[in-house]
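J.: Using only what follows, build the 3D model:
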Amino acid sequence: MDKYFEYLHTVGFEETNLVGNVYYVNYLRWQGRCREMFLKQRAPDVLADVQADLKLFTLKVDCEFFAEITAFDEIAIRMRLLDLAHTQLEFGFDYVRLDPDGTETQVARGRQRVACMRGPNGRTTPARVPESLSRALEPYLPARS
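T.: Residues are numbered from 1 along each chain as shown. The predicted model follows:
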């Protein structure tokens, strides 16, 4: 069984263009929002650490599209942990449209690489992934083959 953290979202008009399709940038925003909600719900002490000197830098982000979505579509953004290294994390995101009849359609897939850093702005250095974040991510570790 796949292990993922799920963030549910209803697409709004402000997230679409004149034709009614969702702007590309919103998929990236939803990745960030999903990651934030994970921290809020599963690792709230990391948020206090971020307010101190921990910085979570997004190093790389991408998104691949399979189907269009429009205003008022219900979307599940499902975040998976792809890699947990000493100072970096990599997440995978599946964007799934939840149709009223109960069917699910994958509409996009994305990835995000994040580095942990500490120190004042301009003089940050790589830092270990906080222990509490590692613990919160344990249930989402990919299965080893």
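J.: For the one helix or strand in the chain whose mean pLDDT sits lowest, name the packing helices and strands.
T.: Lowest mean confidence among the helices and strands of the chain (mean pLDDT, DSSP states H and E): helix 44-52, at a mean of 91. Taking 3 or more C-beta pairs under 8 Å, 6 or more residues apart in numbering; DSSP states H and E as contact, the helices and strands that helix 44-52 lies on are helix 24-42, helix 131-137. Glycine gets a C-beta too; all of them are placed from N, C-alpha and C.
J.: how far out from the middle of the chain is the helix or strand following it?
T.: Scanning the chain past helix 44-52 towards its C-terminal end, the next helix or strand to appear is strand 54-65 (assignment: DSSP states H and E). On the basis of C-alpha atoms, centre = their mean, to the nearest Å, strand 54-65 sits 8 Å off its chain's mean C-alpha point.
J.: Pull out the buried positions in the lengthiest strand in the chain.
T.: When the chain is parsed with DSSP state E, its longest strand is strand 104-118. Going by neighbour count (16 or more other C-beta atoms under 10 Å), the buried part of strand 104-118 is 107, 108, 109, 110, 111, 112, 113, 114, 115, 116, 117, 118.
J.: Just checking: what are the partner strands of that strand?
T.: The partner list of strand 104-118 in its sheet, established with DSSP bridges, is strand 54-65 (antiparallel), strand 88-98 (antiparallel), strand 125-126 (antiparallel).
J.: pLDDT of the last one, averaged?
T.: So the one you mean is strand 125-126. Per-residue confidence for strand 125-126 averages out to 96 on the pLDDT scale.
J.: and if you look at the second one?
T.: The average of the pLDDT scores along strand 88-98 is 97.
J.: the inter-axis angle of it versus helix 24-42?
T.: Computed with axes from the mean of the first three to the mean of the last three C-alpha atoms, to 10 degrees, the direction of strand 88-98 lies at 110 degrees from that of helix 24-42.
J.: So what's the gap between strand 88-98 and the chain middle?
T.: Distance of strand 88-98 from the chain centroid (C-alpha atoms, centre = their mean) equals 6 Å.
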